[in-house]
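Quick one, structure for this:
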Amino acid sequence: MKIVIGQGSCGIAAGAEKVRQALIKANVKTDISITGCIGMCYLEPIVDIYEDNGSLTRLVKVTENDAEAISNYIENGNKEAIEKLLVSEADNEFLNKQTRIALRNCGLINPEEIDAYTEAGGYTALKKAVCDMSPEDVIETIKVSGLAGRGGAGFPTWFKWNAARQSEGEGKYLICNADEGDPGAFMDRAVIESDPHNLIEGMLIGAYAIGAKHAVVYVRAEYPLAIKRLERAIKQAEEKGIIGNNIFGTDFSCDFYIKAGAGAFVCGEETALIESLEGHRGMPRLKPPFPAQSGFWHKPSNINNVETFANVGWIINNGGEAFSAMGTEGSKGTKVFAVTGKVKRSGLVEIPMGKTLRNVIFDICGGIKDDKPFKAVQMGGPSGGCIPAELLDTVIDYKALGATGAIMGSGGMVVMDDSTCMVGMAKFFLDFTAKESCGKCIHCRIGTKRMLEILERITKGEGKDGDVELLEELCYAIKDGALCGLGQTAPNPVLTTIKYFKDEYVQHIQDKKCTAGECSDLITYSINKDKCVGCTLCARNCPVDAISGQVKQPHEIDSDKCIKCGKCYTVCRFGAVVKE
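Residues are numbered from 1 along each chain as shown. This is a model prediction of the structure:
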């Protein structure tokens with residue numbers, strides 16, 4: 001019997017390390033180990049107990065106060081002690097309905113021990129590739145698999161590898177983009193924290209395929225745990241001779257190093273990332289030449305993201321046909337999504353392409369919190385768009401999502417209910433991209449700023465007739481004129497919210513109302529005197545003393561003082577505070 005505690009960033013933030021220390025202090029008589037994030041982020045901290053017969057007992061939402069109960073179960077087999085902590089059958093469906101390839105080891109192995117990875121079959125794909133396959137064979141296998149880049153563009157991986165392979169010149173570089181910049185996206189971070197050797201193996205296979213002797217992981221500095229575990233994994237692989245000279249006794253040699261970046265969203269564009277790697281400000285280069293011809297230090301280079309590399313080892317071991325058998329005609333394999341927002345079960349979901357949005361949001365993630373109406377889902381982060389409820393049965397593949405005006409992106413999926421203002425949502429994402437613009441091209445630098453100013457006016461109740469048409473005109477001008485993908489896709493959240501939720505724009509502009517109740521400048525709070533019992537709870541919680549009245553007498557809100565924080569509305573137990 002052994003105990004394994006989930007210690008990804010989400011688990012640690014929820015108190016997993018405190019749980020581990022409490023179990024050690026309780027002198028639990030069994031081995032205590034750690035693992036990464038299994039993807040059930042909404043249930044952290046998670047403690048898995050592997051029984052002697054091989055069965056698994058999973059405990060969820062564990063606190064340090066549960067250590068004695070767990071110890072009691074370990075020593076005496078008293079299952080009643082842990083009854084309240086057992087994962088439910090409904091929550092088990094979250095994992096049971098997934099198909100995991102990139103995440104196959106996440107939450108199951110110790111990410112800090114190379115032996116745990118090799119015992120799970122790790123590095124067998126690398127050995128097969130460098131000992132039994134030519135670089136051309138590897139590229140052909142990836143071609144047969146249909147693996148497309150999982151960073152957002154969906155470009156065929158084999159094509160990029162082949163272009164770098166055929167480029168003349170020594171000193172080629174293979175680069176992993178781990179600069180995960182989308183708000184609400186954490187797929188790549190989870191893979192590095194939970195299965196760093198999987199990334200290393202996929203990158204080494206890619207380096208062998210293109211003829212690179214140098215591999216670089218560009219990871220955001222805001223991911224300290226990911227960097228720590230990746231550094232440890234690289235050191236372990238070097239000690240085992242898996243990284244370095246003459247790997248597995250062949251002529252293939254490759255070194256590894258990590259570059260911690262400052263977290264600029266524009267560095268999701270590969271040439272901007274290369275500029276940052278070279279120590280310059282992250283700004284896109286003009287193309288051509290493409291990185292395959294002239295990339296890092298003007299050497300032939302290839303860039304893919306973490307999830308792309310996380311699939312490579314599985315494909316080499318199982319064959320390209322096995323991967324291409326999953327998914328749709330134009331989108332092969334599985335895709336990982338970070339599902340956040342107003343869902344009951346938030347976390348990491350990996351499914352075969354071809355499933356629908358409904359499958360993910362309702363079948364796997366359990367539907368909307370508090371059973372509120374589903375309103376929309378934001379796909380692709382700041383570069384994506386909002387897909388409304390009437391398109392909930394849209395198939396998840398590159399073509400179908402693109403037809404809605406959204407994009408697959410790297411895999412962020414933000415779910416919204418009817419309390420979300422879609423104008424405010426568009427403003428949020430445009431504020432992000434306007435701040436993240438590198439400023440190199442006028443269309444992006446100035447255009448996004450002008451659009452943001454219009455959206456800010458609209459949400460303040462200062463919108464004017466013609467604002468929607470002006471927004472659309474600016475959107476298409478920016479799309480056509482921007483230099484890189486950041487500017488070319490920045491208008492997507494605005495265009496899709498106008499397309500599917502134009503009535504909300506009209507209400508903000510003409511009626512000066514926000515039906516979702518999110519735009520504070522368009523909200524008023526008052527007290528229904530027929531319902532107010534004078535309990536004074538609202539007055540005691542008002543941060544600016546805007547509420548007056550005697551005990552057991554109806555109260556009143558001074559609209560001139562009110563800052564519209566909503567505290568009174570939240571604390572009132574009698575429904576007397578009216579929000580309009």
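
Show me which positions of the helix or strand containing Leu470 end up buried.
When elements are assigned from DSSP states H and E, Leu470 belongs to helix 467-481. Within helix 467-481, the residues that count as buried by 16 or more other Cβ atoms under 10 Å are 467-468, 471, 474-475, 478-479. C-beta here means a position set from N, CA and C on the backbone, and glycine is covered the same way.

Can you list the helices and strands that it packs against?
Secondary-structure packing of helix 467-481 (3 or more Cβ pairs under 8 Å, 6 or more residues apart in numbering; DSSP states H and E): helix 442-459, helix 485-489, helix 492-506.

pull the CA atoms of the first one into CSV?
What follows is helix 442-459, C-alpha atoms only, in CSV (Å, rounded to 0.1, in the frame of the first residue of the first chain):
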residue,chain,number,x,y,z
ILE,A,442,0.4,50.6,-36.5
HIS,A,443,-2.7,48.5,-37.1
CYS,A,444,-2.3,46.5,-34.0
ARG,A,445,-0.7,49.2,-31.8
ILE,A,446,-3.2,51.9,-32.6
GLY,A,447,-6.2,49.9,-33.8
THR,A,448,-6.7,47.8,-30.7
LYS,A,449,-6.4,50.9,-28.6
ARG,A,450,-9.1,52.7,-30.5
MET,A,451,-11.4,49.6,-30.3
LEU,A,452,-10.8,49.3,-26.6
GLU,A,453,-11.7,53.0,-26.1
ILE,A,454,-15.0,52.4,-27.9
LEU,A,455,-15.8,49.3,-25.8
GLU,A,456,-15.0,51.2,-22.6
ARG,A,457,-17.4,54.0,-23.7
ILE,A,458,-20.2,51.4,-24.4
THR,A,459,-19.8,49.7,-21.0
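
next one: that helix to chain centre, how far?
Here the centre of helix 442-459 is set off from its chain's centre by 26 Å, with Cα atoms, centre = their mean, to the nearest Å.

what's the most buried one of the helices and strands packed on helix 467-481?
Comparing the helices and strands packed on helix 467-481 by mean neighbour count (mean count of other Cβ atoms under 10 Å), helix 485-489 comes out on top with a mean of 23.

The closest residue to Lys499 other than its chain neighbours: neighbouring residues, count only.
In space, and not counting its chain neighbours, Lys499 is closest to Gly405: 6.0 Å by Cβ to Cβ, 6 or more residues apart in numbering. Neighbourhood size, Gly405 [other Cβ atoms under 10 Å]: 20.

Setting aside sequence neighbours, what's the nearest residue to the most centrally placed residue in the chain?
A centroid search over the chain (Cα atoms, centre = their mean) returns Ala185, at 1.8 Å, as the residue closest to the centre. Closest residue to Ala185 apart from its sequence neighbours, by Cβ to Cβ, 6+ apart: Gly412 at 3.8 Å.

contacting residues for the one you found?
Gly412 is in contact with 182-185, 337-338, 340, 378-381, 384, counting by Cβ atoms under 8 Å, 6 or more residues apart in numbering.

Make a markdown table from the residues you listed and add secondary structure to it.
Compiled in a markdown table, the contacts of Gly412 are given as follows (DSSP: H, G, I helix; E, B strand; the rest coil):
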| residue | secondary structure |
| --- | --- |
| Asp182 | coil |
| Pro183 | coil |
| Gly184 | coil |
| Ala185 | coil |
| Phe337 | strand |
| Ala338 | strand |
| Thr340 | strand |
| Gln378 | strand |
| Met379 | strand |
| Gly380 | coil |
| Gly381 | helix |
| Gly384 | coil |
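
hmm, which of these are the buried ones?
Going by neighbour count (16+ other Cβ under 10 Å), these have 182, 184-185, 337-338, 340, 378-381, 384 buried.

Just the closest of these to Ala272, please.
Ala272 lies nearest to Asp182 out of the buried ones among the contacts of Gly412, by Cβ to Cβ, at 15.4 Å.

quick one, what contacts the closest residue to the closest one other than its chain neighbours?
With Cβ to Cβ, 6+ apart as the criterion, Asp182 has its nearest non-adjacent residue at 3.1 Å, and that residue is Gly381. When contacts are counted by Cβ under 8 Å, 6+ apart, Gly381 touches 181-185, 409-410, 412, 429.

try it again with 7 Å
Listed by Cβ atoms under 7 Å, 6 or more residues apart in numbering, the contact set of Gly381 reads 182-185, 409, 412.

What of Phe337?
Contact analysis of Phe337 by Cβ under 7 Å, 6+ apart lists 349, 360, 411, 413.

try it again with 8 Å
Phe337 neighbours (Cβ under 8 Å, 6+ apart): 187, 348-351, 360, 411-413.

right, and out of the residues you listed, which lies closest to Glu93?
Closest to Glu93, out of all of those and judged by Cβ to Cβ, is Val349, at 11.7 Å.

and the closest one, how many neighbours?
Residues lying near Val349 (other Cβ under 10 Å) number 28.

Next up, identify which helix or strand Gly461 is on.
Assigned by DSSP H and E, Gly461 belongs to neither a helix nor a strand.

And it, how close does it get to Asp418?
21 Å (Cβ to Cβ, to the nearest Å).

what do you get for Glu44?
Relative to Asp418, Glu44 is positioned 28 Å away (Cβ to Cβ).

More neighbours: which of these two?
Of the pair Glu44 and Asp418, Glu44 is the one with more neighbours under other Cβ under 10 Å, namely 24 against 15.

From Leu452, how far out is that one?
Applying Cβ to Cβ to Glu44 and Leu452 gives a distance of 35 Å.

Could you verify my assumption that Met40 touches Asn92?
No: using Cβ atoms under 8 Å, Met40 is not in contact with Asn92; the gap is 9.4 Å.

And those two? Which one has more around it.
A count of neighbours by other Cβ under 10 Å puts Met40 above the other of Met40 and Asn92, at 23 against 12.

What is the burial count for the nearest residue to that one once chain neighbours are set aside?
Of all residues not flanking Met40 in the chain, Gly347 sits nearest, at 5.3 Å (Cβ to Cβ, 6+ apart). By the measure other Cβ under 10 Å, the count of residues near Gly347 is 24.

do the same with Pro543
9.

would TSV of the buried residues of helix 467-481 with distance to Gly154 and pLDDT be doable?
TSV is the format used below for the buried residues of helix 467-481 (distance: Cβ to Cβ, whole Å; pLDDT from 0 to 100):
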residue	distance to Gly154	pLDDT
Asp467	34	97
Val468	31	97
Leu471	27	97
Leu474	27	97
Cys475	22	97
Ile478	22	96
Lys479	18	95
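
Now tabulate those residues in CSV and tack on distance to Asp560.
Output for the buried residues of helix 467-481, formatted as CSV (distance: Cβ to Cβ, whole Å):
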residue, distance to Asp560
Asp467, 28
Val468, 32
Leu471, 33
Leu474, 36
Cys475, 38
Ile478, 40
Lys479, 44
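
out of those residues, who's nearest His280?
Ranked by distance to His280 (Cβ to Cβ), the buried residues of helix 467-481 are led by Ile478 at 24.6 Å.

nearest spatial neighbour of that closest one, skipping sequence neighbours?
Leaving out its chain neighbours, the residue that sits closest to Ile478 by Cβ to Cβ, 6+ apart is Gly447, at 4.1 Å.

how close does that neighbour sit to Val138?
For Gly447, the distance to Val138 - Cβ to Cβ - is 43 Å.

same check, this time on Cys41
34 Å.

cool, and Gln7?
The gap separating Gln7 from Val138 is 34 Å, by Cβ to Cβ.

List the residues that contact Met353.
326-328, 331-335, 396-397.

Those residues in strands, which ones?
When DSSP state E is applied, these are split such that 334-335 fall in strands.

most neighbours, which of the contacts of Met353?
When neighbours are counted by other Cβ under 10 Å, Lys335 leads the contacts of Met353 with 29 neighbours.
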